[in-house]
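Colleague: Curious how this folds, go ahead:
(2 chains)
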Amino acid sequence: MLQQYGIIAIFLIGGALTAIAALLVNWIIRPKLPPVGSKLNTYECGLETQGPTWIQFKVSYFLYALVFLLFDVETVFLYPWAVRFQVLGLFAFIEMIIFISILVIGLWYAWKEGALKWQ
Amino acid sequence: MLSTSTSTLVFWFLTILIVASALAVVLLRNIVHSALFLILTFVGIAGIYILLNAEFLAAVQILVYAGAIAILVVFAVMLTRRGDISESNLFNKNYLAAGVLCLALFILNTFLIGQTFWTIKSGEPPLNNVGAIADAFLGRYVLPFEVAAVLLLVAMVGAILLARGVNQDQ
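Modeller: Okay, here's the model as predicted:
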């Protein structure tokens, strides 16, 4: 069982190494002159930013994050059911439909309150 | 099963990852970078759960903590941000008291772990504990399972009410 996670670990390490290797090779073959002129620009093509770039987010985002968190927790309950789906049968399916419909009430409430509306 | 030495190696790798990124959370001066290292800490802890054969917990850790909680933390930071972001996670004058408190908590925890008598069960851990959890959820504990849905519903309605209240105040 744990060996299967070894494959995931190899993927993670391989991914990280690819990124590091790309940066490293670039660093090795690039000419090492001090940067001057347009090399110091933020973007090669595109407009320079005006003012500070770390701006405050709109409050509306936070509501999306909260609703996302709750449906994420719902996924936690769906996950074991999905793993065992073929064994559990119809009764478990109906139970899950009830579970989801209770949560859909929450989505309906969010919709009704205009929480999903952008403003 | 993985051999014991490989498990030990993975354990030490994960431990170093967790402790290093947890230290980065505290020591970095930009609080958004701290939040990113917090995600790395959560992922490392998920790795520890997998090492302990607790796959369901690992999935929950990745889904809820590394996914949703981290987003919530970043949003909370970006909503309440004021001043220069690169100087947003500095030490204040209480660091000595906080350090002493953390050290005391660490010593207490270590002491308690040392004092506890751990029962070690013989035999292999269950091969598929996610399936076992599914059987328990949808078999014996079906009522608590549905009550959990109601709890989530209440949490969602409460969150929307609170957040909308904040919206209207502005």
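
Colleague: contacting residues around residue B:135?
Modeller: A:84, A:88 (C-beta atoms under 8 Å, 6 or more residues apart in numbering or on different chains). C-beta coordinates here come from the backbone N, C-alpha and C atoms, glycine included.

Colleague: which SSE is it in?
Modeller: In this structure, residue B:135 sits in helix B:129-135 according to DSSP states H and E.

Colleague: mean confidence for that helix?
Modeller: On average, the pLDDT along helix B:129-135 is 82.

Colleague: next one: stretch B:94-108
Modeller: 92.

Colleague: do stretch A:7-21 as well
Modeller: 92.

Colleague: picking up where we left off before, packing partners of the helix or strand just after the helix holding residue B:135?
Modeller: The helix or strand immediately downstream of helix B:129-135 is helix B:142-169, counting by DSSP H and E. Packing partners of helix B:142-169 (3 or more C-beta pairs under 8 Å, 6 or more residues apart in numbering or on different chains; DSSP states H and E): helix A:60-83, helix A:85-112.

Colleague: Reformat those as CSV; add mean pLDDT, mean neighbour count and distance to chain B.
Modeller: Output for the helices and strands packed on helix B:142-169, formatted as CSV (pLDDT from 0 to 100; neighbours: other C-beta atoms under 10 Å in any protein chain shown; distance: least, C-beta to the nearest C-beta, whole Å):
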stretch, mean pLDDT, mean neighbour count, distance to chain B
helix A:60-83, 85, 18, 4
helix A:85-112, 87, 14, 4
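
Colleague: and residue B:134, which of those helices is closest to it?
Modeller: helix A:60-83 (3.6 Å; C-beta to C-beta).

Colleague: On the three-state scheme, residue B:122 is what?
Modeller: The local conformation at residue B:122, judged by DSSP: H, G, I helix; E, B strand; the rest coil, is coil.

Colleague: who's sitting farthest from the centroid in chain A?
Modeller: residue A:33 (38.2 Å; C-alpha atoms, centre = their mean).

Colleague: OK, contacts around that residue?
Modeller: Taking C-beta under 8 Å, 6+ apart as the definition, residue A:33 has no contacts.

Colleague: any idea how the chain splits into domains?
Modeller: You didn't say which chain, so I picked chain A. A:1-31, A:58-119 (automatic domain parsing).

Colleague: try again with chain B
Modeller: B:4-139, B:140-170.

Colleague: Would you single out the least confident of the ones you listed?
Modeller: Minimum mean pLDDT among these: domain B:140-170, a mean of 81.

Colleague: list the buried ones in it?
Modeller: Within domain B:140-170, the residues that count as buried by 16 or more other C-beta atoms under 10 Å in any protein chain shown are B:142, B:145, B:148-149, B:152-153, B:156-157, B:159-160, B:163-164, B:167.
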